[in-house]
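Enquirer: attaching a predicted model along with its sequence, questions to come.
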Amino acid sequence: MFTKGRIIFAIIFIISFIIFMVISYRKDAKNHKVYYKNTAIKVAIYGTIAIIIFVGLRLVTAYLL
């Protein structure tokens, strides 16, 4: 199924991909602080709203049907 060459290629690909991702993240770290301020708060708010809507719809459909 997997030849020795494919396994070696996969390992080299994964290692190089991780290295390039770390380098890219370090270069963009300064921009993240500027452009993505308070992102965690926004995600938490939108996630809470989505959960409330989901639970509300489940309760409404459970009692109406």
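Expert: Structure's in. What do you need? Residues are numbered from 1 along each chain as shown.
Enquirer: what is the helix or strand hosting residue 30 packed up against?
Expert: Applying DSSP states H and E as the criterion places residue 30 in helix 4-35. Contact analysis of helix 4-35 by 3 or more C-beta pairs under 8 Å, 6 or more residues apart in numbering; DSSP states H and E lists no helix or strand as a packing neighbour. (C-beta placed from N, C-alpha, C; glycine too.)
Enquirer: where's residue 50 relative to residue 56, distance?
Expert: Residue 50 sits 11 Å away from residue 56 when distances are taken as C-beta to C-beta, to the nearest Å.
Enquirer: meant to ask about residue 11, not that
Expert: 48 Å.
Enquirer: what's the angle from the helix or strand in which residue 57 is found to helix 4-35?
Expert: Using DSSP H and E, residue 57 sits in helix 39-64. Relative orientation of helix 39-64 versus helix 4-35 (axes from the mean of the first three to the mean of the last three C-alpha atoms, to 10 degrees): 100 degrees.
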